[in-house]
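Asker: here's a sequence, model it:
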Amino acid sequence: MKRAFAILILFITFILIYFLQLNFFSWFTIAGVKPNLFVVLVLFIGLYAGTRMGTIFGIIFGYFIDVIGSTVVGGSVIALGAIGFLGGYLEKNFSKDSKITVMIMASISTIAYEIFLYTYRAIILSSNVEIFEFTRMLIIEVIFNTMLTIIIYPIMQKLGYKLEEIFKNQQILTRYF
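Answerer: Alright, predicted model coming up:
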């Protein structure tokens, strides 16, 4: 029952972030670039719920993103699935209690996601590659995502431990030993 409720909450969070991306962040852009909170959400799920759940949610969320608003289906599916897997992998090797470590993870995940998606779209759509414009957009998006990760980190950490308890079936005290 707890798992079903947690999954429902994650889907509601996805819908909330989708509407934030679509409406709110279209007003608050930096040089025309919006943040990508989907990357942060899937990384968060991978960090706290594990590689399997991070990958599953990444694939599901990526599918919805591609079907609803993308010209090419499949790019976000692969990229967000990989980010979810990466989150679970990084959780085993690095501390998610450090704000700096989570910021670096969010930055690396954003870079990996955008590079993969740009390359995927360039290959599938046979479009021109504009490295300078892509690099400018990537730097701004990484800064934007990192700033938002700093802001939402306390909430992310509290909810993350509840997810970890539900999906990993561990006691809270075991993470300190």
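Asker: make it CA atoms for all contacts and neighbour counts henceforth
Answerer: Fine.
Asker: excluding chain neighbours, what is closest to residue 65?
Answerer: residue 76 (6.9 Å; Cα to Cα, 6 or more residues apart in numbering).
Asker: please name the residues that touch that neighbour.
Answerer: Each residue near residue 76 by Cα atoms under 8 Å, 6 or more residues apart in numbering is listed here: 59, 62-63, 65-66, 117.
Asker: helices and strands of this structure: which one has the lowest mean pLDDT?
Answerer: None of the helices or strands of the chain scores lower by mean pLDDT, DSSP states H and E than helix 25-27, at a mean of 79.
Asker: contacting residues around it?
Answerer: Contacts of helix 25-27 (Cα under 8 Å, 6+ apart): 34-35.
Asker: cool, and stretch 135-155?
Answerer: Under Cα under 8 Å, 6+ apart, the answer for stretch 135-155 is 30-31, 33-37, 40, 99, 102-104, 106-107, 110-111, 114.
Asker: same thing but at 6 Å, please
Answerer: Residues outside stretch 135-155 that contact it (Cα atoms under 6 Å, 6 or more residues apart in numbering): 35, 103, 107.
Asker: where does this protein have low pLDDT?
Answerer: Within the chain, the stretches with pLDDT under 70 are 169-177.
Asker: and the contacts of stretch 135-155, which is closest to residue 85?
Answerer: Set against residue 85, the nearest of the contacts of stretch 135-155 by Cα to Cα is residue 107 (15.7 Å).
Asker: as CSV, the contacts of residue 76 with secondary structure would be great.
Answerer: Below are those laid out as CSV (DSSP: H, G, I helix; E, B strand; the rest coil):
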residue, secondary structure
59, helix
62, helix
63, helix
65, helix
66, helix
117, helix
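Asker: what about residue 155, how many residues close to it?
Answerer: For residue 155, the neighbour count with other Cα atoms under 10 Å is 9.
Asker: make that residue 62, sorry
Answerer: As a burial measure, residue 62 scores 24 neighbours (other Cα under 10 Å).
Asker: next up, the contacts around it.
Answerer: Residues near residue 62 by Cα under 6 Å, 6+ apart: 76-77, 80.
Asker: ok, those vs residue 134, which is closest?
Answerer: Ranked by distance to residue 134 (Cα to Cα), the contacts of residue 62 are led by residue 76 at 17.2 Å.
Asker: quick check, central residue of the chain?
Answerer: Nearest to the geometric centre of the chain sits residue 39, at 1.9 Å (Cα atoms, centre = their mean).
Asker: give me the secondary structure label for that one.
Answerer: When classified by three-state DSSP, residue 39 comes out as helix.
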